[in-house]
Each structure stands twice: as structure tokens, then as C-alpha cells.
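Student: quick one: sequence plus predicted model below, questions after.
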Amino acid sequence: MPQRLKILTWHTHGSYLYYLTRAPHDFYVLSKPDRPPGYSGRHGHFPWGDNVHDMPIERVKETQFDCILFQDDHQYLEDQHLYLSESQRRLPKIYLEHDPPRENPTEMRHPVDDPGTLLVHVTHFNALMWDSGRTPTRVIEHGVIVPEHVRYQGDLARGLVVVNNIASRGRRLGGDVFAHARERVPLDLVGMGATETGGLGEVQHAQLAEFSARYRFFFNPIRYTSLGLAVIEAMMIGMPVVALATTEMATVIDNGVNGYADTDVDKLVVAMQGLLDDPALARRLGDAAQACARERFSIARFASDWDRTLRDVTAH
């Protein structure tokens, strides 16, 4: 039986952390007493496994780890110097980059500039756009789980949009695209801050798949971000996706086969109306979406990729 590794990390993206911890290792998640964002440890509504451990920040230096897994700039640039011992800072390191570059899409240097740290990107698009310099890189595509009993129904003739705080996050998250489409087809918005723009509010991750299953299609209005886990989870239950053909989405949606993707929002509106008018078409595209998701985004492949990566890094 291979040795289980002890990984120190942060609670940066809850749903990603939940899937990451399906890898066969022990994850120690930093926490502060008041559990502010990024330091909430083993906390929240996720059904964490026994391999996920709360790691109070005052106990970090006295705990042994095999690898440090950073997930945000301040963790790498500041936290390791504040909270880790000198010997811990010499441990094998991975920086998990969740996003494409913001300030400049093609010229931006990644803040990690270290041949001794592995930079893991979550999409090939992100890896393409970042200037990673001399830092070695690897891509580990997403993997997701949906409840086995949840299946796409599509009986509700509306589209579903899942975006957190869409009102405050500007054009990048496609608030204007959503508003434009909602004037033409019936769309419901869920996520943190959704009620600010007439949405339904937040749906917890564990209930999202079942909540989504009745909607005819999933609409993703986001211009520029990583491939959203909610999109993949929708596909995994057999739901067709309509999305902007940008970032990694252009490689996931096969237009007219498992959904619709275009850079012309009005064409997407026509596609959405077609799905509302033809439930059989929606189901056919949803079946293809599910087949794609099962092949490309299985949790078994994801956990295996992370297991191999963690063992590769700690073996050096």
C-alpha cells in the first residue's frame, strides 16, 4: 500500500477542495479562529471525508507535512513566511492556479517564478495564457461527482444560470450578457448575491444538481474565467449547456451536438429558444453532454492525476 502523504493547503474554492480531497491522501486545511474567507479549514456544508483535517494556524509549525499546496497569491507570497517554519518552507511545493491571467491575457507573468515549485493549471487555456517563465507546469483538468440518483428531467421550460455575485463582478462574469438574454428567454439565476439582480438566491452545492435537473438547459454567460465546475456538473447529470465560446469552454461544447457555444449572444438566444420549444432536442443534446463529461471529467481520473502529481513532487 503506497504511503499516504500529508498535504497542507487552504480553503480557497470549497467545491474544488471537496473534489481534490478525493485523492488518497490527508489534507490539512488552514483555519483561523473566526474562520474568515480563505482560512475556514474543515468547515461549511460540504460532506468532508475523514482525510480532511482542520489545521489551526497556531499549530502549523509543530506539524509535519510532505507537501505545501498553495492556491492563491497571498498564500505563496505572504502566508508561507508568516506561518511556516524555515524547514517547512523547504518542503516540496505546488501552486494550484485556478484562473486565467486578469490584467493582461497574454503578457502577464505568473507570480511564481521558481523551478523548484510545480505550477498546476486547471485548464489548458489557462496554461496557454499565463507566462509561466521558468516554473514547471502541469495541467490537471477538473473532475466532479453528482449524486447517483439525480438525472436530467428538463420539464421546466426555463434556463438556469449559476454565477456567484454576478452584479458586482462586472463584464468578466457576464452580468450584461445575462441581462440581455433574460429579456428574451426565461432564465433563473442562482448563486451568492443572486437576489440583487432578481435571482433566486444561493443553492448549496450538495443540492445544486437535483435543483438543476428540472431546468431545460444551463446557460453560462461568463466571458473570461476558468471552466466552471457547475457547468461540468450540469453536463454530468445529462443537461445541455449553452455558453459563450470563450476560454476552455470552446473545447468542451461541441456546437449542436452536446449544447451550443458561440460568441454571438443573439445566436445563443435563438438556440435557447429552440431548446425551450423542443424538449426532445434538449434531451438528445443532454445525453451527449453527459457522455462527454463522464469521459473527460470523471472523478476517478481527476483523483488519479492528483495522486500521481503529489507523488511525483514529493519523490524529488
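Tutor: That came through fine.
Student: go ahead and name everything in contact with whichever helix or strand residue 301 is part of.
Tutor: Residue 301 is part of helix 299-315, with elements assigned from DSSP states H and E. By CB atoms under 8 Å, 6 or more residues apart in numbering, the residues outside helix 299-315 that reach it are 2, 5, 7, 19-20, 22-25, 66-67, 92-94, 118, 120, 138, 140-145. For the C-beta atoms, the positions are set from N, CA and C on the backbone; glycine is no exception.
Student: one more: stretch 172-186?
Tutor: Taking contacts as CB under 8 Å, 6+ apart, the residues outside stretch 172-186 that touch it are 102, 157-159, 161, 163, 165-167, 169, 187, 189, 197, 219-225, 244, 265, 268-269, 272-273, 276.
Student: now list the buried members of those.
Tutor: 157, 159, 161, 163, 166-167, 187, 189, 197, 219-225, 244, 265, 268-269, 272, 276 (16 or more other CB atoms under 10 Å).
Student: among these, which ones are in helices?
Tutor: 265, 268-269, 272, 276 (DSSP state H).
Student: what's near enough to touch residue 65?
Tutor: 6-8, 28, 88, 91.
Student: whoops, I mixed them up, residue 241
Tutor: Applying CB under 8 Å, 6+ apart, the residues near residue 241 are 217-220, 231, 234-235, 252-253, 258-260, 289.
Student: pick the one among the residues you listed closest to residue 37.
Tutor: For the contacts of residue 241, the minimum distance to residue 37 (CB to CB) is 23.2 Å, reached by residue 231.
Student: the closest residue in space to residue 147 that isn't next to it in sequence: neighbouring residues, count only.
Tutor: Spatial nearest neighbour of residue 147, excluding adjacent residues (CB to CB, 6 or more residues apart in numbering): residue 209 at 5.8 Å. Residues within reach of residue 209, counting by other CB atoms under 10 Å, total 23.
Student: could I get the full set of strands for the protein?
Tutor: According to DSSP state E, the chain carries its strands in the segments 6-9, 26-31, 52-56, 67-70, 93-97, 117-121, 137-139, 156-162, 187-190, 215-220, 241-244, 259-262.
Student: let's have those in CSV, adding distance to residue 314.
Tutor: CSV is the format used below for the strands of the chain (distance: least, CB to CB, whole Å):
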stretch, distance to residue 314
strand 6-9, 9
strand 26-31, 13
strand 52-56, 18
strand 67-70, 5
strand 93-97, 10
strand 117-121, 11
strand 137-139, 14
strand 156-162, 36
strand 187-190, 39
strand 215-220, 36
strand 241-244, 37
strand 259-262, 39
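Student: just those: most buried one?
Tutor: Of all those, strand 215-220 has the most neighbours on average by mean count of other CB atoms under 10 Å, namely a mean of 28.
Student: report all helices and strands that it contacts.
Tutor: strand 156-162, helix 229-236, strand 241-244, helix 265-277, helix 279-296 (3 or more CB pairs under 8 Å, 6 or more residues apart in numbering; DSSP states H and E).
Student: I'd like those as CSV, with mean pLDDT appended.
Tutor: Output for the helices and strands packed on strand 215-220, formatted as CSV (pLDDT from 0 to 100):
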stretch, mean pLDDT
strand 156-162, 98
helix 229-236, 97
strand 241-244, 98
helix 265-277, 98
helix 279-296, 98
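Student: how about those, which one is nearest residue 49?
Tutor: Taking the helices and strands packed on strand 215-220 one by one with CB to CB, helix 229-236 is closest: 17.9 Å.
Student: hmm, who's touching that closest one?
Tutor: Outside helix 229-236, the residues touching it (CB under 8 Å, 6+ apart) are 15-16, 19, 142, 144, 146, 160, 162, 208-209, 212, 218, 220, 241, 243, 249, 252, 258-259, 289-290, 292-294, 297.
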